[in-house]
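Trainee: can't give you the sequence, but here's the structure:
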């Protein structure tokens, strides 16, 4: 790191930096030579000399060369082989040897401060002249050497490439991080303090926070009959005590978020990790958890990062109306947050999957995430394609030191088996962490809702036509609308359909009842407004798509839903009688309508099996009954044999090998397979991540 900017000692670079005006700068720019390329011979020779002094190094100095060469620009074939970028001759300042000597002294001091000894080679002035001198012509051209290094890594055995990737992430990630901290802090000394990226809150702080949260909810919603806080649940205690990876299966409303908080803070306290990442399936859930965790960590001096495709808009909207200093803080932290350097970060899972494709600052992001306790919530919500990527990401990151907690209210045996295999300790990697499986047994025998099947399609059950052909609410819906719950209040009704078009159409046709229409296709501003309204006062009639399965904390009296895979139906039912009142809620399942097969075509036949299971299992269903139904639906279906699961893992691994584990892929989106979510060519499926 101390030597990576030696290329700035060229007269080319200095002429550009000392330009008196814009014209002089542009003239100098034409004669410039990329500074990160100019000193590659010197970087490689230093690495080799270090190896001679301290012992062999993996890659024989090539990894260091490419880490320096690519720390500003994409290091891809279109860059490596564009000779026009490197036509200018290189000139060096006279005091180069003194500068290199000072850089060596700095490197030794950096190591000494950490208690290490750095044995650097001894160079005389003529040695430096030889390595930095007039070598920009012929076979010694640094541009040609960079191509040779790239080719040598590309033809290396696959086993070596996998090893190179892990080491390269450390080298390049550390280099880019140090470079950003030194040059991108813009005068803010706090951004140079690495300790600010470490969580400084212990798990003991969670109890007081949880007690206060329960009391606030009790005072705000007395109608929900929320019980008083009586200490941690068994699930929360088990997660807090786990020392390694955790797989947690617990029904909706069982306090999984607090369990994850206890586990992740415990990992930091044990010294296994230093940061916390919460990854959710949708931007909606990420925004909700970000706000929830932000309230907790703010009281302990931590800022919680938010990372997804519209995170900047969320942060700007929340900063609006605050003073200028607060808005400046939001801007200053953006780069740190988006690369997982905040002590706590919340985002969509996509943000940690895209680095698998070697896109963007993938090495820097992976480097930051490797030191984290990673919580992956609602694992059931992902298709086989995305689960395949999550499994690959967990395998690669766990070997670098990351710890994982995977959570869901429903987890079929095939999914559970796949996650456990992904987290199983690898004897060939630095991953001694054990795996703890936590299941909520306290609520297994409880019944929240009564289930029934209605053979009439939901659209037809809700709507009818009068004598003039005008669509209006059916008698069946009007009868339900006029009923009251056990508290003497009008029923709150949740309607869930499988496509956005049907959701919009029903909301329009039932507009006299003032429903709220909720799906993932709203523009950002409108979606925020809808979510705020639902949080403040849940509507009597909410018409939504499957995005409601993993979003807001809802508590309705009745669910009317199209049939979906049984695990998705269980999640939808989790939005009914969430507070577990004595009088059960009602779940009515209708047959799947047009477009449902496009949304739920995998695994094949899952809709038909789920519809049959709903027919066979009606009445008061306990949590254990629902788990049994999920197991029956997916029995014998090996996730690892599903085409989408296998295809994305093979494509991603092949990409990494083609890139020798070190090169960049600036445009992976050109390959439609290389996406964090399954590409829906029909345009029917919601794509809620980002």
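Mentor: Now that the structure is in, tell me what you want to look at. The structure presented is a predicted model; accordingly, all values stated were derived computationally and were not measured. Numbering: from 1, shown residues only.
Trainee: CA atoms for contacts and neighbours, from now on please.
Mentor: Will do.
Trainee: which one's the longest helix in this structure?
Mentor: What stands out as the longest helix in the chain, according to DSSP state H, is helix 158-183.
Trainee: any idea which helix or strand comes after that one?
Mentor: helix 205-220 (DSSP states H and E).
Trainee: now what about that following helix, what contacts it?
Mentor: Residues outside helix 205-220 that contact it (C-alpha atoms under 8 Å, 6 or more residues apart in numbering) are 224-229, 231-232, 258, 261-262, 296.
Trainee: report the mean confidence score over it.
Mentor: Here helix 205-220 scores 82 as its mean pLDDT.
Trainee: what of stretch 616-630?
Mentor: Mean per-residue pLDDT for stretch 616-630: 91.
Trainee: next: stretch 57-71.
Mentor: pLDDT averaged over stretch 57-71 gives 87.
Trainee: equivalent analysis for stretch 251-269, please.
Mentor: 89.
Trainee: ditto for stretch 296-315
Mentor: The average pLDDT for stretch 296-315 rounds to 77.
Trainee: before we move on, back to that, what subset of the contacts of helix 205-220 is buried?
Mentor: Of the members of these, the ones counted as buried by neighbours, 16 or more other C-alpha atoms under 10 Å, are 224, 226, 232, 258, 261-262, 296.
Trainee: what two of the residues you listed are the furthest from one another?
Mentor: Across these, the longest distance by C-alpha to C-alpha is 25.9 Å; it joins 224 and 262.
Trainee: the helices in the stretch 451-600 of the chain, which residues?
Mentor: 458-462, 475-481, 500-509, 524-536, 566-573, 596-599 (DSSP state H, counting those that start in this stretch).
Trainee: deepest of those helices, which one?
Mentor: helix 566-573 (a mean of 23; mean count of other C-alpha atoms under 10 Å).
Trainee: where does the stretch 351-500 of the chain have low pLDDT?
Mentor: Scanning the stretch 351-500 of the chain for pLDDT under 70 picks out 426-432, 467.
Trainee: for residue 185, give me the pLDDT.
Mentor: 53.
Trainee: I should have written residue 144 there, sorry.
Mentor: Looking at residue 144, its pLDDT is 79.
Trainee: neighbours of it, how many?
Mentor: Residues within reach of residue 144, counting by other C-alpha atoms under 10 Å, total 18.
Trainee: the host helix or strand of it: which residues count as buried?
Mentor: Taking DSSP H and E as the criterion, residue 144 maps to helix 142-154. Counting neighbours by 16+ other C-alpha under 10 Å, one finds that the buried residues in helix 142-154 are 142-146, 149-150, 153-154.
Trainee: and stretch 77-89, by the same measure?
Mentor: 80, 86.
Trainee: that stretch: how far from the chain's middle?
Mentor: Centroid separation between stretch 77-89 and its chain, computed with C-alpha atoms, centre = their mean, to the nearest Å, is 35 Å.
Trainee: okay, now it: how far is its last residue from its first?
Mentor: End-to-end distance of stretch 77-89 (C-alpha to C-alpha, to the nearest Å): 22 Å.
Trainee: now swap in stretch 548-566 and tell me
Mentor: Stretch 548-566 stretches 15 Å from its first residue to its last (C-alpha to C-alpha).
Trainee: give me the mean pLDDT for it.
Mentor: Mean predicted confidence for stretch 548-566 is 88.
Trainee: related to what we said a few turns ago, mind checking which of the contacts of helix 205-220 are in helices?
Mentor: Those of those mapping onto helices are 258, 261-262, 296, per DSSP H.
Trainee: surely residue 278 is in a strand?
Mentor: Yes. Assessed by DSSP: H, G, I helix; E, B strand; the rest coil, residue 278 belongs to a strand.
Trainee: quick one on the thing from earlier: nearest to residue 307 among the helices of the stretch 451-600 of the chain would be which one?
Mentor: Proximity to residue 307 (C-alpha to C-alpha) singles out helix 524-536 among these, at 14.9 Å.
Trainee: quick check: angle from the closest one to helix 205-220?
Mentor: Interaxial angle of helix 524-536 relative to helix 205-220 (axes from the mean of the first three to the mean of the last three C-alpha atoms, to 10 degrees): 80 degrees.
Trainee: cheers, nothing more for now.
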